[in-house]
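# here are the coordinates; sequence isn't available:
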Ligand code: PBG
C-alpha cells in the first residue's frame, strides 16, 4: 500500500463528513422512524384462525381475535398504525359482502379501536376486488368495469368502515370521482373527522402478485389497465393527485414505491397534504426471497429501501416489514 504521496490541493473533501457513525448520524438528511410505518394485515372471518401466506413469508391471515393479539404486540414494539384488507368467506357479482356491517373488516376496526383507542391509527382498504367473484375493483357490465355505479357502492363501503370507527378509509379502486363521493357520503352522515387516504397514483403493476394470492383477489379475466395507471406515465400521476386533493383527500398515495421513486418525488413537490408510499407485496417478497437464498442482508436491504422511499419524499410508508423492523429493533436510534 502506498502511504506517502503529494497532498492534493482539495479545499472541499466530502469524506470529512463521513468519518464516523456519530458524525454521519449528525448530518443525515433523512431518517426512517417506526412512527412513519403502517403495517398491512389480512383479516379473516371467524375466530381462532391463523393462516400462513406462502407468497408473503412471515405474514399471516388472521381472524379478528388473533389480529388484536398481533397488533397488541406490535404496538408494544412501537408500530402505531395498521392498514386492513378483508379476505371474505364469499364473493359474488354484486360484491354483497363489501357493504356488510358485520363483515370481518368492520368487526376488526371496531375491535381494534375498542382495545387500543387512540393509541392506534386504524386504516381500512376500500375496494370491491376481494368481494367480487370476477376479482375486478368495480362492477362489470359485459367486458367493461363500470365507474359510477362502482363509486356508489365504494362510498357505502367507506361509510360502514367509518361507522365501525376507522380513522382513515383508503380507496384503492382507482375509479374516477370516488374521493369526492366518499367525502360527501361521510359528511352527510356526520363523519367529518374520518380521513381519506387516497390511492391516487396507483399503477397497474406486476408487483401486486403476492397480495392477490393473500387476498384471493386476482381478476378472473383481463387485467386492471383500464382503471389503474400505466407505468409509462409520470405527469399523469400529478393529475390524479390534483383531482384527489380537490375532492378532499387528506393523504395521497403513490403505489408501488420502489419502481416509482420519481413519481413520489414529483408528488411530494406539489402535494400540500402528507404523501404516502406503498412498499407493496412484490417488493416485500423479493427481499424475503433474496434473503432466504443468502443473496441479501434483509435488515440492511429493507432499511435502504424504506430509506430511499423517505428520501424521495414520502412522509409515511405502508409496508409488510413494519412489525419485523419493530420486533427486531432495526430502527432503533
Ligand atoms: C386492492 C388492492 C391491491 C393492493 C392493495 N389494494 C391489489 C390490486 O390492485 O390488485 C396491492 C397491495 C400489495 O401488493 O401489497 N385493489
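Received it, and whenever you're ready, just let me know what you need. Keep in mind that this is a model prediction, so the values were computed, not measured.
# How about the lowest-mean-pLDDT helix or strand in the chain, which residues are buried there?
Evaluated with mean pLDDT, DSSP states H and E, the helix-and-strand set of the chain has its lowest mean pLDDT in helix 209-215, which scores a mean of 92. Judged by neighbour count (16 or more other C-beta atoms under 10 Å), helix 209-215 contains these buried residues: 210-215. (Glycine included, C-beta is placed from N, CA and C.)
# Stretch 21-37 now?
In terms of neighbour count (16+ other C-beta under 10 Å), stretch 21-37 has its buried residues at 32, 34, 36-37.
# Take these and lay them out in JSON lines including distance to residue 148, secondary structure and pLDDT.
Below are those laid out as JSON lines (distance: C-beta to C-beta, whole Å; DSSP: H, G, I helix; E, B strand; the rest coil; pLDDT from 0 to 100):
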{"residue": "32", "distance to residue 148": "40", "secondary structure": "coil", "pLDDT": "95"}
{"residue": "34", "distance to residue 148": "40", "secondary structure": "helix", "pLDDT": "96"}
{"residue": "36", "distance to residue 148": "36", "secondary structure": "helix", "pLDDT": "95"}
{"residue": "37", "distance to residue 148": "35", "secondary structure": "strand", "pLDDT": "98"}
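# Would you map the helices across the chain?
Along the chain, the stretches classed as helices by DSSP state H are 21-27, 64-77, 104-116, 148-164, 178-188, 209-215, 235-247, 261-270, 281-292, 298-312, 322-327.
# So for residue 135, which of those sits nearest?
Ranking the helices of the chain by distance to residue 135, with C-beta to C-beta as the measure, places helix 209-215 first at 7.9 Å.
# Restricting to the buried residues of helix 209-215, which residues neighbour the ligand?
211-212 (C-beta under 6 Å from any ligand atom).
# The ligand contacts on this protein?
Counting by C-beta under 6 Å from any ligand atom, the chain comes close to the ligand at 125, 127, 129, 137, 172-173, 208, 211-212, 217, 280-281.
# How about the residue of the stretch 101-250 of the chain found nearest the ligand, nearest residue that isn't a chain neighbour?
Residue of the stretch 101-250 of the chain nearest the ligand, by C-beta to the nearest ligand atom: residue 211 (3.2 Å). When the adjacent residues along the chain are set aside, residue 211 lies closest to residue 281, with 3.8 Å between them (C-beta to C-beta, 6 or more residues apart in numbering).
# need the contact list for the one you found.
Residues in contact with residue 281 (C-beta atoms under 8 Å, 6 or more residues apart in numbering) are 55-56, 207-211, 214, 320.
# can you rerun that using 6 Å?
With C-beta atoms under 6 Å, 6 or more residues apart in numbering as the criterion, the residues that contact residue 281 are 56, 210-211.
# Tell me the one of those residues nearest residue 185?
In terms of C-beta to C-beta, no member of the contacts of residue 281 lies closer to residue 185 than residue 211, at 26.3 Å.
# for residue 316, what are its contacts?
Listed by C-beta under 6 Å, 6+ apart, the contact partners of residue 316 are 36, 276.
# And it, how close does it get to residue 237?
The gap separating residue 316 from residue 237 is 18 Å, by C-beta to C-beta, to the nearest Å.
# before we move on, back to that, out of the helices of the chain, which gets nearest to residue 201?
Of all the helices of the chain, it is helix 235-247 that lies closest to residue 201, at 3.7 Å by C-beta to C-beta.
# Quick one: list the elements packing against the closest one.
The criterion is 3 or more C-beta pairs under 6 Å, 6 or more residues apart in numbering; DSSP states H and E, and the helices and strands that helix 235-247 contacts are helix 178-188, strand 195-202.
# Quick check: buried residues in the first one?
Right, the one you point to is helix 178-188. With burial defined by 16+ other C-beta under 10 Å, the residues of helix 178-188 counted as buried are 178-183, 185-186.
# got JSON lines for those, with pLDDT and distance to residue 17 too?
Putting those into JSON lines (pLDDT from 0 to 100; distance: C-beta to C-beta, whole Å) gives the following:
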{"residue": "178", "pLDDT": "98", "distance to residue 17": "47"}
{"residue": "179", "pLDDT": "98", "distance to residue 17": "43"}
{"residue": "180", "pLDDT": "98", "distance to residue 17": "48"}
{"residue": "181", "pLDDT": "98", "distance to residue 17": "50"}
{"residue": "182", "pLDDT": "98", "distance to residue 17": "47"}
{"residue": "183", "pLDDT": "98", "distance to residue 17": "46"}
{"residue": "185", "pLDDT": "98", "distance to residue 17": "52"}
{"residue": "186", "pLDDT": "98", "distance to residue 17": "48"}
